[in-house]
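Student: test case, fold it:
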Amino acid sequence: MKILSFTTLWPNPMQPFYGLFNRERIRTLAKLCDLRVVAPVPWFMSVKWLGRYYYQNYCQLPGYEKSEDLEVFHPQYLVIPKLLKFSDAFLMHASLRTFLRNLRKEFAFDLIDAYYAYPDGVAASYLAEALGVPYTVSVLGSDITLFGKERLRGTLIRRSLQSANRVLCVSDSLKAELITTHDIPSEKIDVIENGVDCQKFCPLPKIDARRQLDLPADAHILLSVGHLRELKGFHLLVEALHTLQHSKTYSSPLKLLIVGGDYPWDPTYKDRLVRQIQEYGLQEHVVLAGAKRPDELHYWYSAADVFCLVSSREGCPNVILESLACGTPIVATPVGDIPKLVPRQDLGILVERNVESIRRGIVEALEQTWNHDGIVEYAQQFSWERTSAKICTIYEGLIAGASRAQTSGQDV
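Tutor: Presented below is the predicted three-dimensional model:
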């Protein structure tokens, strides 16, 4: 069984932390089937006022790399910066059609699995039709909840999903959205939750983790992880921390650690967050730690008393699984698949997305006695191996069906 994973969500030297969850999923899947990755990169001519040379930087990426025993290709596709974004999928298809034809001569893939509905999934629908192979689309959240609601891109996404042999999504809430908004039949959709690498995300003694990060041993530490963007709700955590500081609820110091890099499509949010921290006088209590390598994150999760995620929307957030795998309890808003990931109060506390509810949830979590070993044991069921086995079963069924259909057609 030969699979072509087709995705723009892939880490590279320019964006080393981009799409890491996707790489983990594909890396584990590659142990079960013969797989190659095509991770297209955008290209546009060097016109400063249009692209600010942003796309020009991608030209420095190699066209091929071997990443953890995965063969990864980075063909370029034409984009028009800031304009005609509904044309991205067509331009991707037009740019890569010959490349994929030539690749298939060397690697006769049986199926294309596109990760992310736009432009990846739409382009994959054109390419699969041209090459005569089945295709699946894995949708992750914002590709449906944002792009899927636009008139032009939404129409293209709907058509590609309706034509796909199978649609994979990360949460029950996303499946419901696909059914009600995009008219995708329920039987055509598979919910495949994300996984977690419990060898990489494993608990450390709290005192050791804090010493490693130079954090005070006696502090109450809250942690949140994600790109610095408004929907993640870091500003709400800062305000909740301010109310806790003002009420003098705790004699020990309170700290909020925010781990995550800038988000290019919400460029002003970090500045707003810094101003808020300064206005509240919380410079000694809030740490904007920046992005961290995956092999460092278990120190941060283990150092924290509570992990907080107060997003306005999510799919199946890996950070929840990573925190649980490190034995750290959760305070989170009940969006996406979070209620499914945190179904019991011995794993965490679900709160409304307002400052008072978040504050109460933090207080309750800090005062509760947690069974950290039990939290770790619960998280171990969410392995990437289990996720990949489910996906592989779907692939096998689709490829077998396509083979039968081809044989039947030849017999007619």
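Student: can we go C-alpha only for contacts and neighbour counts from here?
Tutor: OK.
Student: from the contact counts, what lies against the helix or strand harbouring residue 255?
Tutor: With elements taken from DSSP states H and E, the one containing residue 255 is strand 254-259. Judged by 3 or more C-alpha pairs under 8 Å, 6 or more residues apart in numbering; DSSP states H and E, strand 254-259 is in contact with strand 220-225, helix 234-247, strand 286-290.
Student: show me how far the second one is from its chain's centre.
Tutor: It stands for helix 234-247. Offset of helix 234-247 from its chain centre (C-alpha atoms, centre = their mean, to the nearest Å): 27 Å.
Student: picking up where we left off before, listing partners with orientation, what would you give for the strand holding residue 255?
Tutor: strand 220-225 (parallel), strand 286-290 (parallel) (DSSP bridges).
Student: now these as CSV including mean pLDDT?
Tutor: Output for the strands paired with strand 254-259, formatted as CSV (pLDDT from 0 to 100):
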stretch, mean pLDDT
strand 220-225, 98
strand 286-290, 97
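Student: pick the most deeply packed of the ones you listed.
Tutor: Mean neighbour count (mean count of other C-alpha atoms under 10 Å) peaks for strand 220-225 among the strands paired with strand 254-259, with a mean of 24.
Student: got the contact list for that one?
Tutor: Applying C-alpha atoms under 8 Å, 6 or more residues apart in numbering, the contact partners of strand 220-225 are 234, 252-260, 300-301, 303-309, 319, 366.
Student: walk me through the domains of this structure.
Tutor: 2-195+384-411, 206-379 (automatic domain parsing).
Student: the helix or strand of the chain with the lowest mean pLDDT: what's the following helix or strand?
Tutor: The helix or strand with the lowest mean pLDDT-type score in the chain, counting by mean pLDDT, DSSP states H and E, is helix 48-51 (a mean of 48). Toward the C-terminus, helix 48-51 is succeeded by strand 64-67 as the next helix or strand (DSSP H and E).
Student: parallel or antiparallel, which strands does whichever helix or strand comes after that following strand pair with?
Tutor: Using DSSP H and E, the helix or strand that follows strand 64-67 in sequence is strand 70-73. Looking at strand 70-73 with DSSP bridges, its partner strands are strand 34-38 (parallel), strand 64-67 (antiparallel).
Student: let me know which of these is tucked in deepest.
Tutor: Mean neighbour count (mean count of other C-alpha under 10 Å) peaks for strand 34-38 among these, with a mean of 20.
Student: sorry, back to before: closest one to residue 165 among the strands paired with strand 254-259?
Tutor: In terms of C-alpha to C-alpha, the element of those nearest to residue 165 is strand 220-225, at 34.8 Å.
Student: picking that back up, and the domains of the chain, which one is worst for confidence?
Tutor: Lowest mean pLDDT within those: domain 2-195+384-411, at a mean of 87.
Student: narrow the contacts of strand 220-225 to those that are buried.
Tutor: Buried members of the contacts of strand 220-225, scored by 16 or more other C-alpha atoms under 10 Å, are 234, 254-260, 300-301, 303-309, 319, 366.
Student: how many residues are close by residue 86?
Tutor: 18 (other C-alpha atoms under 10 Å).
Student: number of residues surrounding the nearest residue in space to it that is not next to it in sequence?
Tutor: In space, and not counting its chain neighbours, residue 86 is closest to residue 153: 5.3 Å by C-alpha to C-alpha, 6 or more residues apart in numbering. Number of residues near residue 153 (other C-alpha under 10 Å) recorded here: 22.
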